[in-house]
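Participant: Sequence first, then the predicted structure, then my questions.
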Amino acid sequence: MIKTEKHLRLKTGTGRTVRVVREHYLRDDVSCNSRLCMAECRNEGPGLLPKDVTHYVVPDCQVTRDYLEILEFPEIRGVLFTGTVVHSMQHQAGRRAHNRLRNLLRDPRQECAVFANEFQQYAYCPREQGETLEKWQSRSTYKAAEWYYNHLAGQIPVVVLSEDPQIQEEYGPMTPGVFVVNMGEYLNNFWPDLQAAHDIYESLVAGLQEKGKSTGGSKEYIDYLPVEVVEAGIKSGRYLRGNLQVNKHRAQQEAFVRMSSSSGGKDVELHTDVIVVGTALRNRAVHGDTVAVELLPRSEWKGRSTAITDNTEGVSSETEEESKSVMPTGKVVAVMQRSWRDYVCSFAEDEETQGQKKNPGKVLVIPYDYRIPKIRISTRQADQLKDHRIVVRIDSWEADSQYPNGHFVRSLGPSGDLETETAALLVENSISVAPFSEGQVKELPTNTEESPWVMQPEEVARRRDLRHTHLIFSIDPVGCEDVDDTLSIRKLPNGHLELGVHIADVTYFVRPNSLTDLEAKARATTVYLADRRYDMLPSILSADLCSLLGSVDRYAMSVLWELDNKYEVLDVWYGRTIIRSAYKMFYEAAQAVHDRKPEEELIQSIPELQELDTDTARNRLEQICWAVDSLMDIADHLRAGRLREGGLELEGVEVQVQLGDSKEIEKLVPKQVSYLH
């Protein structure tokens with residue numbers, strides 16, 4: 001280990017710049033985090049570079065800052081971020097960009113890694129006297145890439161991404177096997193068929209060029225206060241911190257700031273939201289942003305509007321109406337944290353509204369969500385996409401711009417098309433519906449005729465076997481494909497009842513922090529639409545191995561309660577089990593059993609009884625009738641006890657959408673709720 005010194009210039013809370021000297025230690029055993037390593041580095045954890053790629057990519061600070069969105073593509077694997085780049089993103093790119101980079105590095109599905117080059121003895125570059133920060137960062141990045149290539153014994157080429165022509169000219173021919181190119185050349189040479197990345201690259205380049213131009217005009221909005229001033233103001237109570245919520249009925253005129261627990265305002269007692277009137281006082285804040293607001297004088301406080309506005313194209317069509325209760329008003333002085341996401345937009349109908357006459361190549365798009373302002377983007381595809389819904393991301397909103405600047409991401413399709421509108425709803429609600437990756441599918445077992453899935457004897461020995469001792473069945477809506485839970489009930493030798501609930505044991509197949517586990521965390525739930533569903537887990541699990549289908553053995557997590565004659569709980573058991581569901585019933589069939597419909601009708605409503613002879617079917621039906629009646633009695637007892645203790649039952653009408661052959665809506669049918677529900 002070698003001890004050195006690092007000289008830093010830091011800004012204090014009062015805005016002064018001070019020079020700080022810190023100890024800096026270098027060592028030769030810093031992990032490289034590559035699966036190709038032959039030097040026995042201590043490479044542990046999921047954040048390792050893969051070995052099945054054609055090259056590794058090392059972006060410099062500028063490329064990471066400007067084109068991180070492209071590096072997030074799942075197709076681009078094997079990206080190595082140096083510690084210099086990570087440090088630059090933290091201190092120069094802002095919190096939002098740094099958090100995106102952190103999330104990218106934490107996601108093993110992306111197969112990218114960090115290399116702590118500033119602590120590696122042979123990869124570290126001390127900053128030279130008079131050297132600019134940008135020059136030192138570029139030199140450090142190339143030095144790290146060169147060390148990496150030599151450390152891996154030249155097994156794989158390394159591509160350094162830099163937008164600086166001088167860096168490309170100086171370092172490009174220096175080391176065989178280490179190439180220096182810009183992002184455009186990299187996409188053209190390595191990913192010529194990844195059209196989505198090329199489209200985003202063109203949009204980002206246009207946005208960066210526009211950002212670099214100085215308008216020289218007057219400012220539309222006031223500048224934000226410095227961070228240290230805002231933080232001090234929040235502590236003193238001058239400013240308040242909260243979340244901006246735009247009134248969807250009066251998006252151009254009215255927004256509210258909901259105070260957070262750390263909002264400040266020690267000398268101000270606020271029990272309501274703060275109204276922000278008009279876009280000028282909103283000061284470039286977008287719906288969902290965390291902002292700092294300054295209260296206006298009490299003479300300018302006003303009541304909340306009670307009128308509804310027609311927000312089409314942002315035009316108001318109502319007369320001003322205010323509630324009698326006066327609320328505090330304020331103005332946004334700083335945005336503490338942006339909440340920008342992907343926005344579904346469409347093009348304005350007339351060219352003048354788009355702004356093409358004033359700014360050729362720049363167009364205004366109108367977000368699907370009326371609470372979001374129009375966004376100015378640069379695109380060459382405006383004529384081809386004028387009738388399409390597109391996805392747009394906001395890049396910046398400068399004080400001299402009336403609208404935020406963004407870039408085109410992708411087209412969803414023609415407006416009004418079913419697939420387009422479905423995709424728009426999914427994007428607006430941040431629902432991921434991408435297909436499961438090959439790596440995720442490889443983690444899971446198969447269950448085909450050629451390769452059937454079988455239970456492992458050692459796992460069977462660890463579980464409680466309920467297949468031959470319990471009557472287990474499921475009750476689900478008609479058309480249900482995945483059976484997540486089943487019920488059981490039986491009479492014990494001592495006369496008590498044993499009630500059981502059995503849930504599919506997904507944890508056996510999905511290991512913690514595996515690719516499938518991480519994908520399930522990101523999706524959070526299975527999404528059901530009127531004509532389709534998007535699973536949280538691959539279908540081999542959700543519709544097969546983790547679906548408690550009838551007459552097949554499945555792993556389960558079970559809870560068994562022992563109940564006395566008054567249905568009071570005497571004992572409870574939790575554990576892993578093996579079950580075999582005997583019947584897959586629908587709500588209507590279970591209700592018919594409880595209502596004692598004719599025997600023939602009941603047998604026809606339960607498929608498992610139809611294949612049996614008459615006597616056996618009748619005996620099985622008697623068991624089912626006793627089980628359903630017992631479960632209904634227990635449910636009635638629990639419901640009555642809950643209501644006695646002040647429980648509240650909320651009922652709503654669930655509507656079922658019936659679609660035609662071409663998937664147009666034919667009718668909306670309210671679902672009939674039976675007592676068994």
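Facilitator: Ah, there it is.
Participant: Tell me the pLDDT of Val286.
Facilitator: We note a pLDDT of 94 for Val286 in this prediction.
Participant: and the closest residue to Arg596 other than its chain neighbours, how many neighbours does it have?
Facilitator: Nearest in space to Arg596, with sequence neighbours left out and distances taken as C-beta to C-beta, 6 or more residues apart in numbering, is Cys625 at 7.5 Å. In this view, the C-beta of every residue, glycine as well, is placed from N, C-alpha and C. Number of residues near Cys625 (other C-beta atoms under 10 Å) recorded here: 14.
Participant: can you check the one 10 residues further on too?
Facilitator: By the criterion of other C-beta under 10 Å, Ala635 has 13 neighbours.
Participant: Please report how far it lies from Val276.
Facilitator: As judged by C-beta to C-beta, to the nearest Å, Ala635 and Val276 stand 50 Å apart.
Participant: can you check Ser339 too?
Facilitator: For Ser339, the distance to Val276 - C-beta to C-beta - is 16 Å.
Participant: The two: who's more crowded?
Facilitator: Using other C-beta under 10 Å, the more surrounded residue of Ser339 and Val276 is Val276, with 27 against 14.
Participant: Look at the more buried one and give its secondary structure.
Facilitator: strand (DSSP: H, G, I helix; E, B strand; the rest coil).
Participant: Give me the phi and psi angles of the nearest residue to Tyr239 once chain neighbours are set aside.
Facilitator: Residue nearest to Tyr239 in three dimensions, not counting chain neighbours: Gly233, with 3.9 Å by C-beta to C-beta, 6+ apart. Main-chain dihedrals, Gly233, degrees, to the nearest 10: phi -70, psi -40.
Participant: Does Gly233 touch Leu240 like I think?
Facilitator: No: Gly233 lies out of contact with Leu240 (C-beta atoms under 8 Å); the separation is 9.2 Å.
Participant: Those two - which one has more neighbours?
Facilitator: Remark: of Gly233 and Leu240, Leu240 carries more neighbours, 24 against 19, as counted by other C-beta under 10 Å.
Participant: Please name the bridge partners of the more buried one.
Facilitator: Gly264, Val293 (DSSP bridges).
Participant: my read: it touches Val274, true?
Facilitator: Yes: look at Leu240 against Val274 with C-beta under 8 Å: they come within range, at 6.6 Å.
Participant: which residues are common contacts for the two?
Facilitator: Shared contacts of Leu240 and Val274 (C-beta atoms under 8 Å, 6 or more residues apart in numbering): 257, 259, 293, 295, 330.
Participant: ok now stretch 367-374, how far from the chain's centre?
Facilitator: 20 Å (C-alpha atoms, centre = their mean, to the nearest Å).
Participant: Can you show me the CA trace of that stretch as CSV?
Facilitator: Backbone C-alpha positions of stretch 367-374 (Å, rounded to 0.1, in the frame of the first residue of the first chain) are rendered in CSV as follows:
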residue,chain,number,x,y,z
PRO,A,367,-48.2,15.4,-23.3
TYR,A,368,-50.9,12.8,-22.7
ASP,A,369,-51.1,14.0,-19.1
TYR,A,370,-52.5,17.6,-19.1
ARG,A,371,-50.6,18.4,-15.9
ILE,A,372,-47.3,18.3,-17.8
PRO,A,373,-46.4,21.4,-19.9
LYS,A,374,-45.7,21.2,-23.6
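Participant: Give me the residues contacting it.
Facilitator: 246-248, 251, 279, 286-287, 311, 314, 343-346, 348, 364-366, 375, 389, 392, 403-404, 424, 428.
Participant: what pLDDT, on average, does that stretch get?
Facilitator: On average, stretch 367-374 scores 93.
Participant: Flag every buried residue along it.
Facilitator: Residues of stretch 367-374 classed as buried by neighbour count (16 or more other C-beta atoms under 10 Å): 367-368, 370-374.
Participant: With stretch 631-648 instead?
Facilitator: 631-632, 634.
Participant: now do stretch 34-50
Facilitator: In stretch 34-50, counting by 16+ other C-beta under 10 Å, buried: 34, 36-37, 43, 47-49.
Participant: what about stretch 453-464, how long is it end to end?
Facilitator: 20 Å (C-alpha to C-alpha, to the nearest Å).
Participant: Please identify the buried residues of it?
Facilitator: Per 16+ other C-beta under 10 Å, stretch 453-464 contains these buried residues: Arg463.
Participant: For that stretch, which outside residues touch it?
Facilitator: Under C-beta under 8 Å, 6+ apart, the answer for stretch 453-464 is 445-447, 508, 545, 553, 555, 558, 575-578.
Participant: switch the cut-off to 7 Å
Facilitator: Residues from elsewhere that reach stretch 453-464, judged by C-beta atoms under 7 Å, 6 or more residues apart in numbering: 445-447, 545, 553, 575-578.
Participant: Kindly reformat those residues as JSON lines containing distance to Arg22, pLDDT and secondary structure.
Facilitator: Output for the contacts of stretch 453-464, formatted as JSON lines (distance: C-beta to C-beta, whole Å; pLDDT from 0 to 100; DSSP: H, G, I helix; E, B strand; the rest coil):
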{"residue": "Pro445", "distance to Arg22": "52", "pLDDT": "92", "secondary structure": "coil"}
{"residue": "Thr446", "distance to Arg22": "55", "pLDDT": "90", "secondary structure": "coil"}
{"residue": "Asn447", "distance to Arg22": "58", "pLDDT": "89", "secondary structure": "coil"}
{"residue": "Leu545", "distance to Arg22": "54", "pLDDT": "92", "secondary structure": "helix"}
{"residue": "Asp553", "distance to Arg22": "62", "pLDDT": "93", "secondary structure": "strand"}
{"residue": "Gly575", "distance to Arg22": "54", "pLDDT": "96", "secondary structure": "strand"}
{"residue": "Arg576", "distance to Arg22": "52", "pLDDT": "96", "secondary structure": "strand"}
{"residue": "Thr577", "distance to Arg22": "58", "pLDDT": "96", "secondary structure": "strand"}
{"residue": "Ile578", "distance to Arg22": "59", "pLDDT": "96", "secondary structure": "strand"}
